[in-house]
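Student: mind looking at a prediction? Sequence and model below.
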Amino acid sequence: MSDTICVLYVEDEPDIREVAEFALEDEGFELIQCASGLEALEKGEGLTADLILLDVMMPGMDGPSTLTRLRELPNLCNTPAIFMTAKVQPNEVAEYKAMGALGVIAKPFDAMTLADVIRGHLETTVV
């Protein structure tokens, strides 16, 4: 992985996307922002990303459905993923991890620590 971490970020709320952008871009992350699962599928074609970061509850296609569809793209089939949600229930976290997610970040998230939390999840994939 290079110094810059490329993130396919899927979040339907513009304000949350903006906070995440400020929190992450100063910390060496490059965000490819998508407002919906459908937009993520369009932008995901041919994209090389280090991480997929996505909201769970979105209109239309929710986060788990979006991740399932993104996993069908050869270039993103093995890309680490992290979900973000306001409803962090142990059974749901287990379901997301069973889908291959590294973990779940609770919303509202702390903008000051978001980059470190993501790096912590990514470090668990490095052997």
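Tutor: Received the coordinates, thanks.
Student: going by C-alpha atoms from here, please, whenever you check contacts or count neighbours.
Tutor: OK.
Student: can you confirm residue 22 is in a helix?
Tutor: Yes - the assignment for residue 22 by DSSP: H, G, I helix; E, B strand; the rest coil puts it in a helix.
Student: now do it against residue 91, distance only.
Tutor: Relative to residue 91, residue 22 is positioned 31 Å away (CA to CA, to the nearest Å).
Student: so what touches the helix or strand of the chain with the lowest mean pLDDT?
Tutor: Every helix and strand of the chain was ranked by mean pLDDT, DSSP states H and E. The lowest is helix 90-98, at a mean of 91. Under the criterion CA atoms under 8 Å, 6 or more residues apart in numbering, residues 64, 83, 103, 104 lie in contact with helix 90-98.
Student: can you give me the offset of that helix from its chain's centre?
Tutor: 15 Å (CA atoms, centre = their mean, to the nearest Å).
Student: one more: stretch 40-55?
Tutor: Using CA atoms, centre = their mean, the offset of stretch 40-55 from its chain centre is 9 Å.
Student: great, nothing more from me.
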